[in-house]
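S.K.: just a sequence and a predicted model for now, questions to come.
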Amino acid sequence: MSDFNNRRKILKGSAGFAAAATVGTGSVLFSSLAQAQNMTFKPEKGAKLRVLRWSRFVQGDIDTYMANVKKFQDATGIEVRVDNEGWEDVRPKAAVAANTGAGPDIILSTNDDANLYPDKLLDCTDLAEYLGKKYGGWYPAAEAFMRPDGKKWLGLPLGASGSLMVYRESMLKAAGYDAFPKNTDDFLKMYKALKEKGTPGGMALGNATGDSTWCNWLTWAFGGKLVDKSNKVVLDSPETLKALEYAKELYANFIPGTLSWLDPNNNKAFLDGQISVTNNGISVYYAAKNSPDPKVKEMAADINHAVFPVGPVGVPTESHLFFNQMIMKYTKYPQASKEFLRFMMEKEQFDAWLIGAGGYVAQPLRAYEANSIWTSDPKNTPYRDSVKNLRPAGYDGKLGYASAGVAADFIIPNMVAEAASGSKTPKEAAERAQKRAERYYKV
């Protein structure tokens, strides 16, 4: 985390951050320098674009995204087709497209998928640098994912869906908690108290693209890590074993069935009243607020959010679902593709999309911290800094093919699930995860 904090300090002292500091809430005003910046790409004659993106978890996301797509079509005359797929389906389809050289022009995917096939992606350095200068700079994690060599941008960051704690205030109070625990010891005690009250919690231990990210938090909270700074796999460590022992105790208080949970399962269990606490994006709260069912809508007042507690390492170890935007190198319309992404990331469109998505996605550019969605409802505010505080899953090394492969193969969630459930001892689970990860890092 120290490297990321140092980079934050550097950015704070830069002219780009100074420009972001001039941003106000609501009607956003940028400095004259930022206003003067302008870049457009000249689309190819007859250009048509196809976009593959992950399917929405909140309806306002796709509604506003498509409204922005229409604005682009009206402004340029370029036809844009948008295909929506589940998170688990986007990744293999993107890989097929990259390997065959045919398919969508633009793909919105997750985590560090861009590092699986960097040579198949269009260089977006000019566009990324333009947007960074205009909107106060990219957060360090966004750069780590999309500019792993510190030079070439493999695509554009889109943001992240924060993996925060979502809980029922009334149920926590009934279990003796007026505030959400801030450390892992009290977090475990809370889970035990909730189970005793008949209102257990639960977090996904299946191959959930977004909601299994809590397993990264758990590993890091006790000092474990996938690799060291030289990219040597160090998962099988005393620190990881402590995390896995803790996972066993925590899992004993989960509602049954979490070993098979994918991303939709905990949402459903929470809104059905089966669980009192889980980790999730803001989609649970969004769904409750907008539900046609009066009982579910009433639940919204009882829902609140908190960041994950801090473990023995003494610092936050946040892991969130990162979203990227990739232009495939095979596209016949590279200029039109860049112009599309530029248009979608500009203030007039991006501000509206953040609001429409109800805080489901946190911005990758500092200037958008001032978006009104983060202050219009105090329960939204904890999600604002998800990209700002994000620790990439390839910690503590550099991102690349290996880190992307480990994430795509769910090695850390599988390790936690095996140890937590007792199907393997913590040592056996860590040793197996170590060997699986080494296969990627030896390539």
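M.R.: In hand now; what should we look at?

S.K.: for Leu188, grab the count of nearby residues.
M.R.: The number of residues packed around Leu188, counting by other CB atoms under 10 Å, is 17. For every residue, glycine as well, the C-beta is placed using N, CA and C.

S.K.: and Glu79, by the same measure?
M.R.: 11.

S.K.: nearest residue to it other than its sequence neighbours?
M.R.: Counting by CB to CB, 6 or more residues apart in numbering, Lys48 is the residue found nearest to Glu79 once chain neighbours are left out, at 4.7 Å.

S.K.: same thing with Gly210?
M.R.: Leu321 (4.0 Å).

S.K.: any idea how far Leu49 is from that neighbour?
M.R.: Taken as CB to CB, to the nearest Å, the spacing of Leu321 relative to Leu49 amounts to 25 Å.

S.K.: what does Gly86 give?
M.R.: Here Gly86 is placed at a distance of 22 Å from Leu49 (CB to CB).

S.K.: tell me where this structure has strands.
M.R.: For the chain, strands defined by DSSP state E occupy the ranges 48-54, 79-85, 106-110, 156-161, 164-168, 277-280, 303-306, 321-327.

S.K.: so Ala243 makes contact with Thr219?
M.R.: Yes. Counting by CB atoms under 8 Å, Thr219 is a contact partner of Ala243 at 5.0 Å.

S.K.: which residues do these two both contact?
M.R.: The contact sets of Ala243 and Thr219 overlap at Val416 (CB atoms under 8 Å, 6 or more residues apart in numbering).

S.K.: ok, back up a step: show the pLDDT at the residue nearest to Gly210.
M.R.: On pLDDT, Leu321 comes in at 93.

S.K.: so how far is Lys379 from it?
M.R.: Using CB to CB, Leu321 is found at 19 Å from Lys379.

S.K.: tell me which of those two has more neighbours.
M.R.: Shown here are Leu321 and Lys379; by other CB under 10 Å, Leu321 has more neighbours (25 against 17).

S.K.: so who does the more buried one touch?
M.R.: Taking CB under 8 Å, 6+ apart, we find Leu321 in contact with 110-111, 160-161, 163, 209-210, 213, 281.

S.K.: quick one on the thing from earlier: for Ala243 and Thr219, indicate the residue with more neighbours.
M.R.: Legend: neighbour count by other CB under 10 Å for Ala243 and Thr219, higher for Thr219 (31 against 27).

S.K.: that one contacts Ile411, correct?
M.R.: No. Thr219 is not in contact with Ile411 according to CB under 8 Å; the separation is 10.8 Å.

S.K.: in a markdown table: the strands of the chain, plus distance to Asp123.
M.R.: Formatted as a markdown table, the strands of the chain follow (distance: least, CB to CB, whole Å):
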| stretch | distance to Asp123 |
| --- | --- |
| strand 48-54 | 18 |
| strand 79-85 | 22 |
| strand 106-110 | 14 |
| strand 156-161 | 12 |
| strand 164-168 | 34 |
| strand 277-280 | 35 |
| strand 303-306 | 38 |
| strand 321-327 | 9 |
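
S.K.: buried sites along stretch 194-207?
M.R.: The neighbour-count check on stretch 194-207 (16 or more other CB atoms under 10 Å) flags 194-195, 199-207 as buried.

S.K.: tell me the pLDDT at the nearest residue to Leu127 once chain neighbours are set aside?
M.R.: Once flanking residues are discounted, Leu127 sits nearest to Lys338: 5.2 Å by CB to CB, 6+ apart. On pLDDT, Lys338 comes in at 98.

S.K.: Lys338 touches Met39, doesn't it?
M.R.: No. With contacts counted by CB under 8 Å, Lys338 stays clear of Met39, the gap being 9.2 Å.

S.K.: who has more neighbours, the two?
M.R.: The residue with more neighbours, out of Lys338 and Met39, is Lys338; 25 against 15, by other CB under 10 Å.

S.K.: and the more buried one, what is it in contact with?
M.R.: Each residue near Lys338 by CB under 8 Å, 6+ apart is listed here: 41, 122, 124, 126-127, 327.

S.K.: tell me the spacing between it and Met344.
M.R.: 11 Å.
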